[in-house]
Structures are given as structure tokens and as C-alpha cells.
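Visitor: A structural model of the following input is requested.
(2 chains)
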Amino acid sequence: MPVRAPTFVSRRRLFEQKLSDLHKCTNLNELKQLHAVIYKSNLHRDPFVAPKLISALSLCRQIGLALNVFDQIPSPNVYLCNTLIRAYIRNSEPEKAFQVLYRMQASGVLPDNYTYLFLLKASSGLRFVRMIHAHVEKCNLYSDLFMPNSLIDAYFKCGMLGVEAAKVLFGVMEERDLVTYNSMITGLVKAGELNEAKQLFDEMPQRDRVSWNAILDGYVKAGEMSRAFEVLEKMPTRDVVSWSTVISGYAKMGDIEMAKTLFDKMPEKNLVTLTIMISRYAERGLAKEAIALYNQMEEGSFKPDDITFVSILSASAQSGLLSLGKRIHHSIMKSRYKCAIVTSNALIDMYCKCGSLNRAWRIFNEMGRKDLVSWNVMIHGLAMHGHGKKALYLFDCMKLEGFAPDNVTFVGVLSACNHAGMLEDGIRYFYSMESAYNIAPQIEHYGCMIDLLGRGGRLNEALRLANCMPFKPNVVIWCSLLGACRMHNALDLAEEVLDQLVKLDPANAGKYSMLSNVYAAAGDWDNAANARLQMWKTANKTPPGASLIELDGEFHEFTVMDTTHPKSDRIHQTVNGLTQHLRKVAYSPTIAV
DNA sequence: CTAGGGTTAG
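Guide: Numbers count the residues shown, from 1 in each chain, chains lettered A, B, ... in the order given. Below you'll find the model as predicted:
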């Protein structure tokens, strides 16, 4: 058959096809074309086309155009109103979604099940859920169990009081189905009430896989891995979720071996399973394993999604693997029209930690919408790179844009002061946390302050703060004090701090190394050599920390006093040369900031 | 409407 040019009829059919799939359209350019054609042919008032158009516009974040379509319909029906509600929810504007509900009530359009379901998805806060519950009671929307089941789920997302409300609702329900029980069990598990969840699980009339998986998750969340494993073996049938839940649990408890064993053993894996392993590897600093799995995924049949990207970016960031990070950035840009906020945040963090502040800054500036984490990551990134003043400027900007700083923000702000040597400002910000922002300082913030005071030479104040803060000083606090002692040649204090460190964590080699530096800095080489010896004696007990770099696609791993690399001599020569050069021009480990 | 995965912290 000869190939023919598309006729008028087939072109029309193509358009109809596109119209029927319109609500799934996520390509903005394609949508804009369709939008124009629809308006030209006056189809935007068509009761079948309008909701689809609104849906597609909201998917492509064109909420203004979506509202425009809605406003052209003289008397919108429930279905169309629901579409607009969902559009606002997709656009993270729940208040506007509720305004649509009020508009419906004012114009006499009766809300239905879906109206409330969409609103429930958006509503955070007990007040909203109670309000919807009242509406549902009033309109008697109890023809099936959809509504009460959704209400139970929504109540559980409202904190402690919500948990009680869910229990009350469950108690008065005359009819319950599997989903009712499952929602209760899931909610109770999330609220940490494992015993009550277990009780319901035991008394429910029948159980399918979802119930088993929910109770499995309960044991995993409680850290009871042997019980979880028992359930995994006992349950009638296991699916990907069952295996993944248990694998994730073992890895979280630190038993990565067992996680890997089960991962290899499970009959069928999916995207989530692989992502779990990648993120657990990343979490434990096993970058090489995380990358290997990610590569396997890229070659295989699973397409990474945002959560996968975030996990592997976290692995790249932790290991400082810029080339890997860039490669992932490229894959992300290839696979989607626009980055999700979380993904952009992870990219910013990765570029900061891999030393490319410029790239991080560009992404931060080009983001359409930012969230609190975006600001936190950028402030911290600037602080890390020594741009203390700029970080503090950004802190002012975020407040101007209406973001309330949280505890993480203040870690960034305090470390900005630290890196810029702004001792007095740091103290001022620290006290403002409680007085101006109602945030109680955590051990991390005390850590920043102790570091700041120590670097500034106010060692006694630093020590006093460590001893009188409402937390027991941890290893990080003592190490930071030890560093300050080294910096200011405070040998006596260093001994005292070291005693505390040894008491807290006897089997750690790093401390001896640190102490050796204290002596070395003070010119006491005999004791320095002794400390090194001690370090080697204890080193066998703990695996040494390793650094990993990637060069031309090959990984190179180094540990303390490592001479196994084939070019070890040249590497050490170069490092020594650099150190001497640094000492000459600017940096000296004994000079205070 | 119910089950497993994610980002920021000294």
C-alpha cells in the first residue's frame, strides 16, 4: 500500500483522540496548541471538554487559565466544580479549593462524595476534617463506606486529637469493611499504637494482603525485626510490598547484610524496592553500592522517579561525586518538563556539597516555587562555602518572602556566623531563636555555639555551655571542643576533653589521631608519635572512614595513612606540597578565626 | 478510602 498524506478525516480523528486523552496531557507545548484549537472551535464550553481542559491545565500548572475556562461556564455542575477543586489542590492552594465549596453552597450546587474526598486530601488540620465530617453527616452521604473510610484516614493525619476522633468514628460505624479495618490498623501503626493495631488485626473477620502488610509495617516501625520476620514467614502470601517492608526495616536497623540477602532472595522487585536499597546504601555512606544499583536501574526496565533521583543525589552529595551528580541532573532534565521542588532541593544540596556553588545558586534562582527546604539548603550551602554574609542576607530574604525559619534554618544561620567569624552575631541569633521565633535550641544549635565560642578563643565559655546545656554532650560536641583546644594550644583542657571522649566512646581511633594533632601543633612530637601508635592499636576494631573520588569514571578510595594506591607516593607528595603552600599563604591550623 | 521508597542539620 502506498503511503498517503493524512486526510482531513484522519486529522480530525487524531484531534478527537487527543481530546479524549486531554485530561492526562502533561506536555505544556502540546496543551497550549490544543488550548488554542479548543477555544477557536468554541469547544471550551462543551460539558465534556471543559473538565478535561481544567484538569490538564492544572497538571501543567496553568491554574489561571483553568479558572478562566471555569468562569466561562454559566452554571457549572458538581462534576466541573470538583474538577476545579482538584485543580487547586494540585496547585497546593487548599484555601481556594475550599472557596469553591462555599461558592457551590451559595449557588445551590449540591456537593457529592467526590467533592469531599478531594477536599479531604487537601485539608490538613483537624478543623477542616471536622467541618467536612459535619457536612457529610448533614447531607447523609453514607450510601457506601467510601466517605466514612476516607474520614478515618483523614482524621489519622491530624495528630493526637485526630487519632481519638478516628477511634470514635470507627466505634459508631454500624457497618465496616476490609478497608475500614485496614485504615484503622495503618493509622494506629503510624500513631505508634501497635498494641491496639494488633488487637484489631486479631479481631477483624477476614484479612487480605494489605492487612498483613500493615501489621508487618507496625513491627518494622517498632524495630521488632524478629517479630516482623516471623510475620513475613507466617503470612499466607507475600508480595513486593511485604518483602520491601522487611528489607527496609533491616537496613534501617543497620543490618544491611540481612537486607541484601532478602533483596537477592525476593522473587520480584520493582522501582520502590530498588529505591529502598539505593537510599539505605546512601544513608550508610555506601555510595559505591548505591551507584551500582542505580546504574543497574538505568540499564534495566525501571524508570527512576523523583524519589529515586533524590536518593541517588543524596548519595552523590555525601560522597562529593560531582560527575555522577551532573549525570543524574542530565537524566532528570531529559525525563521531565519541570523539576519537582524536592528534586531541585536535592540538586542544590548535591552541587553545594560537590563544590559547585555556582550551579547550586543557578538552580535555586531559577526555581519557580521554593519551599522551606530550598532556603535551608541554600543558606547552609553558602555557609559551607564560607559566604557567611550572603547566607545571612538570604535568611532575611526568606523571611521577606513569608517563610518562617525552622530549627534546621538556624543550624545554617549559626554555621554561617561560624564560618564568617561573626561571634557576636551568632550569639544574638542563638538567643533570638527562642525569643523571636519560638524555637527551642536543640543539641545541634548548642554544638554550633560551642564551636563558635571555641574557635573565637573563648574556650572556658564553650566548656561551660557544654556542661550546662539541657543535653548530655555527645561525641561531636567534645570533638569540636578538642579542635578548639588544638587551635588555641590549650593542652590541659585537651586532656580533660579527651577523657570525656574516651568515656563516651572508647573504641574509636579518630580521637587519638586528633590528640596527636594537638600535641603536634604544640610541638610535642614524642607524645604525637605515641598517640599514633595508640591509633594503630585501636584501628583494627573499627573500620576506618574512607574518602571516595571519581576520576574519568573510575573510583579511588582512600583511608587514613593508606599507601595501597598504585600512585600513592605521588599523591602524598602532592598533598604535602599543597599543605606547605597553604601554610605559607593563608592557612595555619594554630591560628584562630 | 487501606500496604513498601525521598531532600536540609554540628
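Visitor: output the below-cut-off pLDDT ranges for the stretch 1-150 of chain A.
Guide: A:1-10, A:26, A:92, A:123-124 (pLDDT under 70).
Visitor: alongside DNA strand B, which residues does it contribute?
Guide: Neighbours of DNA strand B within the stretch 1-150 of chain A, by C-beta under 7 Å from any atom of the strand: A:117, A:121, A:145-146, A:149-150. C-betas here are computed from N, CA, C, even on glycine.
Visitor: so what's the residue count around the residue in the stretch 401-550 of chain A that DNA strand B sits nearest to?
Guide: Nearest to DNA strand B in the stretch 401-550 of chain A, going by C-beta to the nearest atom of the strand, is A:Gly447, at a distance of 3.1 Å. Neighbour count for A:Gly447, taken as other C-beta atoms under 10 Å: 24.
Visitor: what is the most widely separated pair among the residues of the stretch 1-150 of chain A next to DNA strand B?
Guide: With C-beta to C-beta as the measure, no two of these lie farther apart than A:Lys121 and A:Leu145, at 17.5 Å.
Visitor: ranking the residues of the stretch 1-150 of chain A next to DNA strand B by neighbours, who comes first?
Guide: Going by other C-beta under 10 Å, A:Asn149 tops those with 22 neighbours.
Visitor: doesn't it belong to a strand?
Guide: No. Assessed with DSSP: H, G, I helix; E, B strand; the rest coil, A:Asn149 is helix; it does not lie in a strand.
Visitor: could you dump stretch A:71-89 to PDB, C-alpha only?
Guide: Only the C-alpha atoms of stretch A:71-89 are listed here, as PDB (Å, rounded to 0.1, in the frame of the first residue of the first chain):
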ATOM      1  CA  ASP A  71     -15.600  31.100  34.600                       C
ATOM      2  CA  GLN A  72     -16.900  30.800  31.100                       C
ATOM      3  CA  ILE A  73     -19.500  28.200  32.100                       C
ATOM      4  CA  PRO A  74     -22.700  29.900  33.000                       C
ATOM      5  CA  SER A  75     -24.000  27.300  35.600                       C
ATOM      6  CA  PRO A  76     -21.200  24.800  36.500                       C
ATOM      7  CA  ASN A  77     -22.400  21.400  37.700                       C
ATOM      8  CA  VAL A  78     -20.900  19.300  40.500                       C
ATOM      9  CA  TYR A  79     -18.500  17.500  38.300                       C
ATOM     10  CA  LEU A  80     -17.000  20.700  36.900                       C
ATOM     11  CA  CYS A  81     -16.700  22.200  40.400                       C
ATOM     12  CA  ASN A  82     -15.000  19.000  41.600                       C
ATOM     13  CA  THR A  83     -12.500  19.400  38.800                       C
ATOM     14  CA  LEU A  84     -11.700  22.900  39.800                       C
ATOM     15  CA  ILE A  85     -11.300  21.800  43.400                       C
ATOM     16  CA  ARG A  86      -8.800  19.200  42.400                       C
ATOM     17  CA  ALA A  87      -7.000  21.700  40.200                       C
ATOM     18  CA  TYR A  88      -6.500  24.000  43.200                       C
ATOM     19  CA  ILE A  89      -5.300  21.100  45.400                       C
END
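Visitor: quick one: buried residues of that stretch?
Guide: Using 16 or more other C-beta atoms under 10 Å as the burial criterion, the residues of stretch A:71-89 that qualify are A:73, A:76, A:80-89.
Visitor: neighbours of the closest residue to A:Phe98 other than its chain neighbours, how many?
Guide: Spatial nearest neighbour of A:Phe98, chain neighbours left out: A:Leu119 (6.8 Å); criterion: C-beta to C-beta, 6 or more residues apart in numbering. By the measure other C-beta under 10 Å, the count of residues near A:Leu119 is 26.
Visitor: list the residues that contact A:Leu119.
Guide: A:85, A:89, A:97-98, A:101, A:128, A:132 (C-beta atoms under 8 Å, 6 or more residues apart in numbering).
Visitor: so how do I select the buried members of these in ChimeraX?
Guide: Buried residues among the contacts of A:Leu119 (16+ other C-beta under 10 Å), as a ChimeraX selection:
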select /A:85,89,97,98,101,128,132
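Visitor: as CSV, the contacts of A:Leu119 with secondary structure would be great.
Guide: Output for these, formatted as CSV (three-state DSSP):
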residue, secondary structure
A:Ile85, helix
A:Ile89, helix
A:Ala97, helix
A:Phe98, helix
A:Leu101, helix
A:Phe128, helix
A:Ile132, helix
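Visitor: which one of the contacts of A:Leu119 sits closest to DNA strand B?
Guide: Nearest member of the contacts of A:Leu119 to DNA strand B, counting by C-beta to the nearest atom of the strand, is A:Ile89, at 11.2 Å.
Visitor: ok, the closest one - contacts?
Guide: Each residue near A:Ile89 by C-beta under 8 Å, 6+ apart is listed here: A:97, A:118-119, A:121-122.
Visitor: pick the one among the residues you listed closest to DNA strand B.
Guide: Looking across the contacts of A:Ile89 and measuring by C-beta to the nearest atom of the strand, the closest to DNA strand B is A:Lys121, at 6.7 Å.
Visitor: tell me the secondary structure for the closest one?
Guide: Under three-state DSSP, A:Lys121 falls in the helix class.
Visitor: mind listing what it touches?
Guide: A:Ile89.
Visitor: likewise A:Ala391?
Guide: By C-beta under 8 Å, 6+ apart, the neighbours of A:Ala391 are A:379-380, A:382-383, A:412-413, A:416.
Visitor: ok, and of the residues you listed, which contact DNA strand B?
Guide: Answer for the contacts of A:Ala391 near DNA strand B (C-beta under 7 Å from any atom of the strand): A:380, A:412.
Visitor: farthest pair in the contacts of A:Ala391?
Guide: Farthest pair in these (C-beta to C-beta) is A:Leu382 and A:Val413. Separation: 10.6 Å.
Visitor: tabulate the contacts of A:Leu119 in TSV, adding columns for distance to A:His572.
Guide: Shown next, in TSV, are those (distance: C-beta to C-beta, whole Å):
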residue	distance to A:His572
A:Ile85	65
A:Ile89	59
A:Ala97	63
A:Phe98	66
A:Leu101	70
A:Phe128	63
A:Ile132	68
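Visitor: return stretch A:269-286 as PDB; C-alpha atoms alone will do.
Guide: Only the C-alpha atoms of stretch A:269-286 are listed here, as PDB (Å, rounded to 0.1, in the frame of the first residue of the first chain):
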ATOM      1  CA  LYS A 269      11.400  -6.500  42.500                       C
ATOM      2  CA  ASN A 270      10.000  -3.100  41.500                       C
ATOM      3  CA  LEU A 271      11.000   0.500  41.400                       C
ATOM      4  CA  VAL A 272      10.300   1.000  45.100                       C
ATOM      5  CA  THR A 273      12.400  -2.000  46.200                       C
ATOM      6  CA  LEU A 274      15.400  -0.700  44.200                       C
ATOM      7  CA  THR A 275      14.900   2.800  45.600                       C
ATOM      8  CA  ILE A 276      14.800   1.500  49.100                       C
ATOM      9  CA  MET A 277      18.100  -0.200  48.700                       C
ATOM     10  CA  ILE A 278      19.700   2.800  47.000                       C
ATOM     11  CA  SER A 279      18.600   5.200  49.700                       C
ATOM     12  CA  ARG A 280      19.600   2.800  52.500                       C
ATOM     13  CA  TYR A 281      23.000   2.400  50.900                       C
ATOM     14  CA  ALA A 282      23.300   6.100  50.600                       C
ATOM     15  CA  GLU A 283      22.200   6.600  54.200                       C
ATOM     16  CA  ARG A 284      25.000   4.400  55.500                       C
ATOM     17  CA  GLY A 285      27.600   6.000  53.300                       C
ATOM     18  CA  LEU A 286      27.900   3.000  50.900                       C
END
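Visitor: for that stretch, buried residues please.
Guide: A:269, A:271-283, A:286.
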